[in-house]
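In: okay, structure incoming, though there's no sequence with it:
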């Protein structure tokens with residue numbers, strides 16, 4: 001039987017919710033095309049795979065979340081958001097306690113037609129608009145709330161994209177390995193060592209990486225580490241600590257790998273002021 005041990009949570013798993021009446025979810029409509037809810041979730045909380053009839057922008061004003069959709073996984077700090085089209089199945093795991101503020105958009109006004117999933121950079125304007133919408137009473141449609149909704153719809157297609165996608169496999173043995181590495185990206189086990197835990201040979205796992213994900217184990221692990229680097233760097237962690245936490249021998253080794261992948265150093269890539 002496959003067995004992977006992830007890092008234990010630092011506190012009991014629970015959900016912390018507000019008590020304001022307007023935090024229950026409301027479906028967006030032609031009259032009210034944008035709605036949102038506020039959910040404060042602590043670390044290790046998970047929301048199982050589900051779908052919506054409307055589109056959804058998943059983001060957290062604070063904290064870090066992981067979103068799975070379309071056989072891919074994304075680590076999402078406050079500077080990023082994940083757009084999922086209507087009826088696209090997605091799930092969520094909280095990596096660091098998060099002020100989750102999902103925004104729902106009616107399918108009648110899709111700013112990204114034909115795109116089932118998209119990674120967006122949260123602009124200062126969008127962030128302020130979402131916080132302003134949170135203060136509105138969804139039971140009462142006002143001129144102000146209409147203007148906020150219209151501005152959100154206008155701002156969404158203007159957002160830059162900063163995708164750091166980690167493809168996820170369907171094979172259960174390989175998925176267990178990938179989930180364990182996403183929980184502990186600094187793990188230095190070799191593929192041979194992972195094979196002993198997965199109940200499959202190293203050769204079989206190597207073949208599955210190429211067949212299902214189109215890359216080697218080393219390339220996939222690099223993608224996973226890069227995804228985790230985002231919240232660390234944007235949160236102000238020194239690059240030397242980021243490199244150590246992600247299993248690199250030195251800061252220069254991490255920076256060289258990053259520059260080779262993205263054509264610029266990590267501090268420039270994650271500089272949200274540009």
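Out: Noted; the coordinates are in hand. Every value quoted in this text rests on a predicted model; they were computed, and no experiment measured them. Residues are numbered from 1 along each chain as shown.

In: in terms of pLDDT, where does residue 251 sit?
Out: What the model reports as pLDDT for residue 251 is 92.

In: cool, and residue 13?
Out: 30.

In: do residue 66 as well
Out: So residue 66 comes in at 88 (pLDDT).

In: could you do the one 4 residues further on as well?
Out: Note for residue 70: predicted pLDDT of 90.

In: was I right about it contacting residue 118?
Out: No - if you go by CB atoms under 8 Å, residue 70 and residue 118 don't touch, sitting 10.2 Å apart. Placement of C-beta: from N, CA and C, glycine included.

In: and residue 174, how far from residue 207?
Out: Distance of residue 174 to residue 207, computed by CB to CB, to the nearest Å: 10 Å.

In: comparing the two, which residue is more hemmed in?
Out: residue 174 (24 against 13; other CB atoms under 10 Å).

In: what ranges does the stretch 1-150 of the chain have for its strands?
Out: Applying DSSP state E, counting those that start in this stretch to the stretch 1-150 of the chain gives strands spanning 15-16, 34-36, 39-41, 46-50, 55-58, 64-69, 72-76, 80-84, 90-96, 98-100, 103-105, 117-121.

In: mean neighbour count and distance to residue 199 for those strands - can I get that in CSV?
Out: Formatted as CSV, the strands of the stretch 1-150 of the chain follow (neighbours: other CB atoms under 10 Å; distance: least, CB to CB, whole Å):
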stretch, mean neighbour count, distance to residue 199
strand 15-16, 10, 34
strand 34-36, 24, 43
strand 39-41, 21, 33
strand 46-50, 12, 24
strand 55-58, 23, 34
strand 64-69, 22, 23
strand 72-76, 22, 22
strand 80-84, 26, 32
strand 90-96, 19, 24
strand 98-100, 20, 34
strand 103-105, 24, 41
strand 117-121, 19, 31
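
In: so can I have a markdown table of those showing distance to residue 159?
Out: Below are these laid out as a markdown table (distance: least, CB to CB, whole Å):
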| stretch | distance to residue 159 |
| --- | --- |
| strand 15-16 | 29 |
| strand 34-36 | 15 |
| strand 39-41 | 22 |
| strand 46-50 | 23 |
| strand 55-58 | 10 |
| strand 64-69 | 16 |
| strand 72-76 | 14 |
| strand 80-84 | 8 |
| strand 90-96 | 19 |
| strand 98-100 | 19 |
| strand 103-105 | 12 |
| strand 117-121 | 4 |
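
In: nearest to residue 133, of those?
Out: Checking these against residue 133 by CB to CB gives strand 34-36 as the closest, at 5.6 Å.

In: how much distance is there from the closest one to the middle of the chain?
Out: Using CA atoms, centre = their mean, to the nearest Å, the distance from the centre of strand 34-36 to the centre of the chain it belongs to is 20 Å.

In: for it, packing partners?
Out: strand 103-105, helix 124-134, helix 143-155 (3 or more CB pairs under 8 Å, 6 or more residues apart in numbering; DSSP states H and E).

In: what stretches of the stretch 51-200 of the chain score poorly on pLDDT?
Out: 162-163 (pLDDT under 70).

In: longest helix anywhere in this protein?
Out: helix 217-234 (DSSP state H).

In: and it, what does it pack against?
Out: Using 3+ CB pairs under 8 Å, 6+ apart, helix 217-234 sits against strand 72-76, strand 166-167, helix 172-183, helix 239-245, helix 251-262, helix 266-269.

In: residues contacting the residue nearest to residue 255 when sequence neighbours are not counted?
Out: Excluding its sequence neighbours, the residue lying closest to residue 255 (CB to CB, 6 or more residues apart in numbering) is residue 265, at 5.6 Å. Neighbouring residues of residue 265 by CB atoms under 8 Å, 6 or more residues apart in numbering: 255, 258-259.

In: equivalent analysis for residue 166, please.
Out: By CB under 8 Å, 6+ apart, residue 166 lies in contact with 72-75, 178, 182, 220, 223-224, 227.

In: so what pairs up with it in the strands?
Out: residue 73 (DSSP bridges).

In: so how far is residue 245 from it?
Out: Distance from residue 166 to residue 245, by CB to CB: 17 Å.

In: what's the neighbour count on residue 138?
Out: 18.

In: distance-wise, check it relative to residue 38.
Out: 11 Å.

In: same thing with residue 63?
Out: Taking CB to CB, one finds residue 63 at 13 Å from residue 38.

In: sounds good, over and out.
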